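Q: What shape does this take:
(chains A and B)
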Amino acid sequence: MRFLLRPKTGGLAILAAVIALLPLVLDNAFHFEIAITIGFNAIVCVGLNLLIGYAGQISLGHAAFVGLGAYGAGVLTASHGWDPLAAVGAASIGTGLLAFVVARPILRLQGHYLAMATLGLGIIIAIVLNIEDQITGGPDGMLVPPFSAFGWEPSDERQWYWLVGGFLWISVWLALNLIGSPVGRALRAVHGSEVAAEVVGVDTTHYKVLIFTVSAVLASLVGSLSAFYGMFITPNIASFFNSIEFVVMVVLGGMASTFGAVVGAAILTLLPQALTVLEDYEHLIFGLILMGVMIFMPRGLLPTLAGLRWRRRR
Amino acid sequence: MSLLRVDGLCKEFGGVHAIADLGFAIHPGTIHSIIGPNGAGKTTLFNLITGVYTPSAGRIWFDGVDVTGRRPSDLAARGMSRTFQNLQVFFNMTALENVMVGAHLHLDRGFLAALLGLPRIRRADAALGDEAARLMRFVGLDDFIGASADAMPYGALKRLEIARALAARPKMLLLDEPAAGLNPTESREIDNVIHKVAEQGVTVVLVEHDMRMVMEISDHVLVLDYGRKLTEGRPAEVREDPEVIAAYLGGQG
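A: Numbering: from 1, shown residues only, chains lettered A, B, ... in the order given. Below you'll find the predicted structure:
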């Protein structure tokens, strides 16, 4: 049982257990839907956390990449009759290429300027999805045909749950591998001191572009899958508000903590559901909780709680 | 043949000549000191040599290749490594990881292999961890091998930067004021480390204010004043030079 105490294997085992056991307490399709939404958000956050938490670069436009994945897959299947799996692949490659091309000029900027540039990129993509109504259906949205892969079609919420749960687990596993490797150390070095990283031979531009592209592709994959799951998409999926929400999930859960990103996604997806009973005060309470966490736990929920436990054991 | 050659080097900052028409050569296997009063352009020179700044004019050759305007990461790949006067430590990592980043160029940096966590990546990392610990002991950081970088005192961080620079296995190591802010005992320990590094065949270039250290360990001293070369030569020669004395004391010498 020693492996459970190691953060990586232990965390992966706990995540697998949570994913495997959660269906026992989910009684209806609505519960499954929330769990699936958490999974989708968590995958985007795992990718975004590599960019924000580890490489120290901000992006306020990641919902746009989710939108591109959703519309890429939606348009290719609905209007052009593509196979869903091929459409998912093409959308993620297309989004990856776009991210790769814009990353170099964007990531030369730092701090507020980088935030502004990614914000601008996200808003442009959201506008394009809105006004190109002959392709995207405009603000009214578009219908997306059902998903199928190798003749298998996820028929109910439960099957989607396993698909998304598996995808989440694999994303976390890949992210943890990456962080523990020379590539991950290079990313953290970029965060720690860009000039010091350069003088030991880390090509900082290369790594920033790489991780920006990777996180965009992951967001695109989530967008494509969520389009097939919901079977209906609107440009709202790429909205600025969604981009901000992803960033808040990462920061709340704990920057530079992959499991923190998952926890942050889960809490911020669940909280509005839990607060609906408070009706008018929902947004007020939501804001207060966020402020409270940031004031009392500036490192984010998971790293702070893990730090407490560690201190007590000493 | 010289390991580093600088010719007609200039750097302007908005009309101010931080470095003006500077030329010199550094031979392999020597300890070379750059001294001069505050604001003489020593750190600017370091930043130019290591590619952090781009020269306004002039050329720099390293190991027989014209490297003028190359990026620091490119120069690192050619065997140049440095430390900083104002610490540039990765405070978001452990001390050991800081040193491991130093060996970045000597590792398998394949993205897919890293993503899949292939066993060879993990094995190489384990071996690298041992090597990094050895380097930390080499610079006298035995007590900090398990430490987090943000929990280390100033003197230890200075040495951590040296260990990180050495992990890159450089041909030339540039140390920007390695003894600044250290007490005499710590400063002597740094002397020792520099000697040991030079004995291994690494060319050391030093910017330092501690004259005791400069005079004791250098093979060659270059004196800068207002971005120009005042003089250069063996420590004993430089020490006797009336112009050097004047520059330091600000009088007639």
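Q: Residue A:144 contacts residue A:234, doesn't it?
A: No - using Cβ atoms under 8 Å as the test, residue A:144 is too far from residue A:234 to be in contact (11.2 Å). Bear in mind the C-beta positions are built from the backbone N, C-alpha and C, glycine included.
Q: Okay, now the unreliable bits of the stretch 151-300 of chain A?
A: For the stretch 151-300 of chain A, applying pLDDT under 70 flags no range at all.
Q: All the strands of it, in order from the start?
A: Under the criterion DSSP state E, counting those that start in this stretch, the stretch 151-300 of chain A carries strands at the ranges A:232-233.
Q: For it, which residues are neighbours of chain B?
A: Within the stretch 151-300 of chain A, the positions near chain B by Cβ under 8 Å from any Cβ of the partner chain are A:173-174, A:176-178, A:180-186, A:188-189, A:191-193, A:195-204, A:210, A:256.
Q: who has more neighbours, residue A:144 and residue A:234?
A: Set side by side, residue A:144 and residue A:234 show more neighbours around residue A:144, with 24 against 19, by other Cβ atoms under 10 Å in any protein chain shown.
Q: Could I get the contacting residues of the more buried one?
A: A:70, A:73-74, A:77-78, A:227-228, A:230-233 (Cβ atoms under 8 Å, 6 or more residues apart in numbering or on different chains).
Q: excluding its backbone neighbours, what's nearest it?
A: Nearest residue to residue A:144, sequence neighbours excluded (Cβ to Cβ, 6 or more residues apart in numbering or on different chains): residue A:74, at 4.3 Å.
Q: neighbours around that neighbour, how many?
A: The burial count for residue A:74: 28, using other Cβ under 10 Å.
Q: Ok, residue A:155 next?
A: 9.
Q: and if you look at residue B:229?
A: When neighbours are counted by other Cβ under 10 Å, residue B:229 comes out with 18.
Q: now that we're looking at the closest residue to it other than its chain neighbours, which residues does it contact?
A: Nearest non-adjacent residue to residue B:229, counting by Cβ to Cβ, 6+ apart: residue B:22, 5.8 Å away. Under the criterion of Cβ under 8 Å, 6+ apart, the neighbours of residue B:22 are B:6, B:8-10, B:45, B:58, B:224, B:227-229.
Q: in the sheet, who's paired with residue B:22?
A: residue B:9 (DSSP bridges).
Q: Not counting its neighbours along the chain, what's nearest the residue most central in space within chain B?
A: In chain B, the residue lying closest to the centroid (Cα atoms, centre = their mean) is residue B:174, at 1.9 Å. Residue nearest to residue B:174 in three dimensions, not counting chain neighbours: residue B:82, with 3.9 Å by Cβ to Cβ, 6+ apart.
Q: Just to check, that neighbour is in contact with residue B:173?
A: Yes - the criterion here is Cβ under 8 Å, and residue B:82 meets it with residue B:173 at 7.1 Å.
Q: Quick check: the residue of the stretch 151-253 of chain B nearest chain A.
A: residue B:168 (5.2 Å; Cβ to the nearest Cβ).
Q: For residue A:202, see how far away that residue is.
A: Taking Cβ to Cβ, to the nearest Å as the measure, residue B:168 falls 10 Å from residue A:202.
Q: Can you give me every residue that contacts residue B:111?
A: By Cβ under 8 Å, 6+ apart, residue B:111 lies in contact with A:183, A:210.
Q: for the stretch of helix or strand residue A:96 belongs to, packing partners?
A: Residue A:96 belongs to helix A:84-107 when assigned by DSSP states H and E. Packing partners of helix A:84-107 (3 or more Cβ pairs under 8 Å, 6 or more residues apart in numbering or on different chains; DSSP states H and E): helix A:62-78, helix A:111-131, helix A:204-230.
Q: Just name the most buried of the ones you listed.
A: Neighbour counts (mean count of other Cβ atoms under 10 Å in any protein chain shown) averaged over each of those peak at helix A:62-78, with a mean of 28.
Q: re earlier: quick check, nearest of the contacts of residue B:22 to residue A:296?
A: For the contacts of residue B:22, the residue nearest residue A:296 by Cβ to Cβ is residue B:45; the value is 47.4 Å.
Q: what's near enough to touch the nearest residue to the closest one once chain neighbours are set aside?
A: Spatially, and ignoring its direct neighbours in sequence, residue B:45 is nearest to residue B:19 (5.9 Å; Cβ to Cβ, 6+ apart). Counting by Cβ under 8 Å, 6+ apart, residue B:19 touches B:9-11, B:41, B:44-45, B:48, B:55, B:227.
Q: My reading is that residue B:19 lies in a strand. Confirm?
A: Yes - judged by DSSP: H, G, I helix; E, B strand; the rest coil, residue B:19 forms part of a strand.
Q: where do the helices sit along chain B?
A: Along chain B, the segments classed as helices by DSSP state H run B:42-49, B:72-77, B:95-102, B:111-115, B:119-138, B:154-167, B:184-199, B:211-217, B:235-240, B:242-249.
Q: Okay, buried residues for stretch A:261-277 please.
A: For stretch A:261-277, the neighbour count (16 or more other Cβ atoms under 10 Å in any protein chain shown) marks A:261-269, A:271, A:275 as buried.
Q: As a markdown table, these with distance to residue A:93 would be great.
A: Converted to a markdown table, the buried residues of stretch A:261-277 look like this (distance: Cβ to Cβ, whole Å):
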| residue | distance to residue A:93 |
| --- | --- |
| A:261 | 24 |
| A:262 | 26 |
| A:263 | 31 |
| A:264 | 28 |
| A:265 | 25 |
| A:266 | 30 |
| A:267 | 33 |
| A:268 | 29 |
| A:269 | 28 |
| A:271 | 35 |
| A:275 | 39 |
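Q: List just the nearest of the contacts of residue A:144 to chain B.
A: residue A:73 (22.9 Å).
Q: residue contacts, the closest one?
A: A:84, A:87-88, A:91, A:144, A:223-224, A:227-228.
Q: The closest residue to chain B within the stretch 201-314 of chain A - how many residues pack around it?
A: Shortest the stretch 201-314 of chain A-to-chain B distance, computed as Cβ to the nearest Cβ: residue-wise this is residue A:201, at 3.5 Å. Applying other Cβ under 10 Å, we find 27 residues neighbouring residue A:201.
Q: Would you agree it is in contact with residue B:80?
A: No - the pair residue A:201 / residue B:80 is not scored as a contact, 9.4 Å apart, by Cβ under 8 Å.
Q: Can you tell me which residues in the stretch 151-253 of chain B are near chain A?
A: Counting by Cβ under 8 Å from any Cβ, the stretch 151-253 of chain B sits next to chain A at B:161, B:164-165, B:167-168.
Q: same thing but at 7 Å, please
A: Counting by Cβ under 7 Å from any Cβ of the partner chain, the stretch 151-253 of chain B comes close to chain A at B:164, B:168.
Q: show me where pLDDT drops low in the stretch 151-253 of chain B?
A: B:249-253.
Q: How about the contacts made by residue 207?
A: Using chain A. Listed by Cβ atoms under 7 Å, 6 or more residues apart in numbering or on different chains, the contact set of residue A:207 reads A:55, A:186-187, A:190.
Q: Please refer instead to chain B.
A: By Cβ under 7 Å, 6+ apart, the contact set of residue B:207 is B:34, B:42-43, B:46, B:176-177.
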